[in-house]
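Trainee: Compute the structure for the input listed below.
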Amino acid sequence: MAGKRRRVGERGVGKGIRGKTGRRKEEDEEIVSDDDDDDDEFFLGGGDVGPANEPVEGRDHELEVAHDADITEGDLQSRRLKLARQYLTEMGIERNQDESGEDSDGGVPVSSRQGKAVKQGSAQADGLVTGGIGVRRFCKGHRLPVTCVAMTADDKWVATGSKDKGLWWWDLEAGKAVVKRKDKSPPLGVAISHDNLVATGGRDGVIRVWDLRDRQQSEPSRVLRGHRGPINALAFQKANLELITASDDRTCRLWDVGQNAFVEALFGHGAQVNCVEAISDQRALSGGRDGSARWWKIADGSHAIFNSTCISVDAIAVISDTMFVAGGDDGSLSLWNTGKKNPLWTMEHAHGPLPGNWITAVGAPRSTDIVVSASNDGFIRFWKYSSKSLNSIAHVPLPGFVNGIRCGAHGSLFVAAVGQEHRFGRWERNSSAKNGIAIIGKGTSVSMDTEEGV
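Mentor: Prediction:
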């Protein structure tokens, strides 16, 4: 795959995921981690904070425990257990269990409460299967591949960026672009704030903030600089104007858009950061070409590290305050719990065998049991989430590279950014695909909309 950057000797090259016996797992086999081995233990990292434009070289961000001659193995295990439980409590996971596994508050194990929470929002996946789901409308217009997409909280508007430098504001109900702007650099990421400000980041490493509701505004209202490489992804915090960005310079950075100011840099990734999602209360999730996902606690300057078997984590989505899903360039789809160092479940080649068919986008509507994944295999795939696995429930035909996907608030609407090429390069091209956005919802009919906007 010319243009797809790989480093010789990186972890995972030429290796399958192995079980405890060391035997290679068969292709497309579901792999579930053994909870007994890694209960209460996971890697903790310090999230080093530094000034803008000053990356930290050679720092080890994993938890280090000094092995002194006077410290017994039991002491070390006790320390790890204490730190793990303290971290889980701060992450919002109740761990007040006695040795019998029962909760001190009501005798209900944590796993039971988590299962009950899943059931409370579990009607959506079954509804997709019962009612059917398909591409309701495909909206063309961008001249070159669409690289990124974001949707407003009310599910009425969408912003897209393209390799043609276009930044478009779409009315989903009408199925057309109502505002078109030209960015200075091809956007690789786009995000929409709670009050519908639009932020873009691209190959020139500059953040531009737009108010696309103002149809007279032809230039960005704010410009933020500080990254030393292309910006690959952006995400606003849910209820304020704090913006998190991910870059080729191996950092994530926090910005206060309201004050037009840089706040801090988050160091830890050993290679370019491909994707980032905001969670809540100054927390974020990122994935990078170092093969790891990182769960950031920005206020504390720390993060947890989740090392995958793939070379690059290309897509991530937050399911809940303790669960997330990640997709890799080896085609694997994995389910993670923030209290475990290993994935709970992994599907190798979730969108078909390699070469190609790596995971390009994932999504998960909050408070539902739906997970959606995409690649360039010609299908968007829907999964039903349980506490320890994902089960395939439906797939929707959609040719081309799906470079991004956004989920509506209630799990009944999905918008995909589609292009003939991958957003990062031109090493492969599907000339039969269309550049545009696919509006996906209940029903199986497909409407092709050739409206090119205003």
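
Trainee: How are the strands of the stretch 101-250 of the chain distributed by residue range?
Mentor: Assigned by DSSP state E, counting those that start in this stretch, the stretch 101-250 of the chain shows strands spanning 133-140, 146-151, 157-162, 166-171, 176-182, 187-192, 198-202, 207-210, 222-224, 231-236, 242-247.

Trainee: how near is the nearest residue to S431 once chain neighbours are set aside to D329?
Mentor: Spatially, and ignoring its direct neighbours in sequence, S431 is nearest to Q420 (6.3 Å; C-beta to C-beta, 6 or more residues apart in numbering). Where you see a C-beta, it was placed from the backbone N, CA and C, and this is true even at glycine. Q420 is 19 Å from D329, where distance means C-beta to C-beta, to the nearest Å.

Trainee: just for the stretch 351-454 of the chain, where's the confidence low?
Mentor: Per-residue confidence of the stretch 351-454 of the chain (counting by pLDDT under 70) places the weak regions at 443-454.

Trainee: can you pull out the strands in it?
Mentor: Across the stretch 351-454 of the chain, reading from the start of the chain, the strands by DSSP E, counting those that start in this stretch fall at 361-363, 370-374, 379-385, 390-397, 401-407, 413-419, 436-442, 448-449.

Trainee: Please list all residues in contact with I298.
Mentor: Neighbouring residues of I298 by C-beta atoms under 8 Å, 6 or more residues apart in numbering: 47, 254, 264, 266, 282-284.

Trainee: do L285 as well
Mentor: Counting by C-beta under 8 Å, 6+ apart, the residues that L285 touches are 276-277, 279, 293-296, 316, 318, 324.

Trainee: same thing but 6 Å
Mentor: Contacts for L285 (C-beta atoms under 6 Å, 6 or more residues apart in numbering) come out as 277, 295, 316, 318, 324.

Trainee: Quickly note the distance from the residue lying closest to A409 once chain neighbours are set aside to S286.
Mentor: Counting by C-beta to C-beta, 6+ apart, D155 is the residue found nearest to A409 once chain neighbours are left out, at 6.0 Å. Here D155 is placed at a distance of 25 Å from S286 (C-beta to C-beta).

Trainee: For the chain, give me the ranges with low pLDDT.
Mentor: Applying pLDDT under 70 to the chain flags the ranges 1-123, 129-131, 443-454.

Trainee: ok, which stretches of it are helices?
Mentor: With helices called from DSSP state H, the chain shows them at 35-38, 73-90, 110-120, 123-131.

Trainee: Spatially, and excluding backbone neighbours, which residue is closest to V418.
Mentor: G400 (4.6 Å).

Trainee: about what we covered before: adding neighbour count and distance to D171, write the contacts of I298 out as CSV.
Mentor: As requested, those are exported to CSV (neighbours: other C-beta atoms under 10 Å; distance: C-beta to C-beta, whole Å):
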residue, neighbour count, distance to D171
G47, 23, 39
L254, 21, 31
E264, 18, 37
L266, 25, 35
Q282, 17, 33
R283, 22, 32
A284, 25, 30
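
Trainee: so of those, which ones are in strands?
Mentor: 254, 264, 266, 283-284 (DSSP state E).

Trainee: for those residues, which one is nearest E219?
Mentor: For those, the closest approach to E219 (C-beta to C-beta) belongs to L254, at 24.7 Å.

Trainee: Correct me if wrong: that closest one contacts E264.
Mentor: Yes - checked against C-beta atoms under 6 Å, the pair L254 and E264 is within contact range at 5.2 Å.

Trainee: sorry, back to before: most neighbours among the contacts of L285, which one is it?
Mentor: Neighbour counts for these peak at I316, which has 27 neighbours (criterion: other C-beta atoms under 10 Å).

Trainee: isn't that residue right up against C275?
Mentor: Yes - A contact is recorded between I316 and C275 when judged using C-beta under 6 Å, the distance being 5.1 Å.

Trainee: sorry, back to before: what's the farthest-apart pair in the contacts of I298?
Mentor: Pairwise distances among these were taken by C-beta to C-beta; the largest, 13.9 Å, belongs to E264 and R283.

Trainee: anything in contact with each of these two?
Mentor: Common contacts of E264 and R283, defined by C-beta under 6 Å, 6+ apart, are absent altogether.

Trainee: Alpha carbons of stretch 353-372, as CSV, please.
Mentor: Once non-C-alpha atoms are left out, stretch 353-372 reads as follows in CSV (Å, rounded to 0.1, in the frame of the first residue of the first chain):
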residue,chain,number,x,y,z
PRO,A,353,-9.2,-10.5,4.5
LEU,A,354,-6.2,-8.3,3.9
PRO,A,355,-4.6,-6.7,1.9
GLY,A,356,-6.9,-3.7,2.3
ASN,A,357,-10.1,-3.8,4.3
TRP,A,358,-8.6,-2.2,7.3
ILE,A,359,-11.0,-0.4,9.7
THR,A,360,-11.4,3.2,8.6
ALA,A,361,-14.2,4.4,10.9
VAL,A,362,-16.2,3.3,13.9
GLY,A,363,-19.1,4.8,15.8
ALA,A,364,-21.2,4.1,18.8
PRO,A,365,-24.3,6.1,19.8
ARG,A,366,-24.2,6.8,23.5
SER,A,367,-26.8,5.0,25.7
THR,A,368,-27.5,2.3,23.1
ASP,A,369,-26.2,-1.2,22.3
ILE,A,370,-25.2,-0.3,18.8
VAL,A,371,-21.7,-0.2,17.3
VAL,A,372,-21.0,0.5,13.7
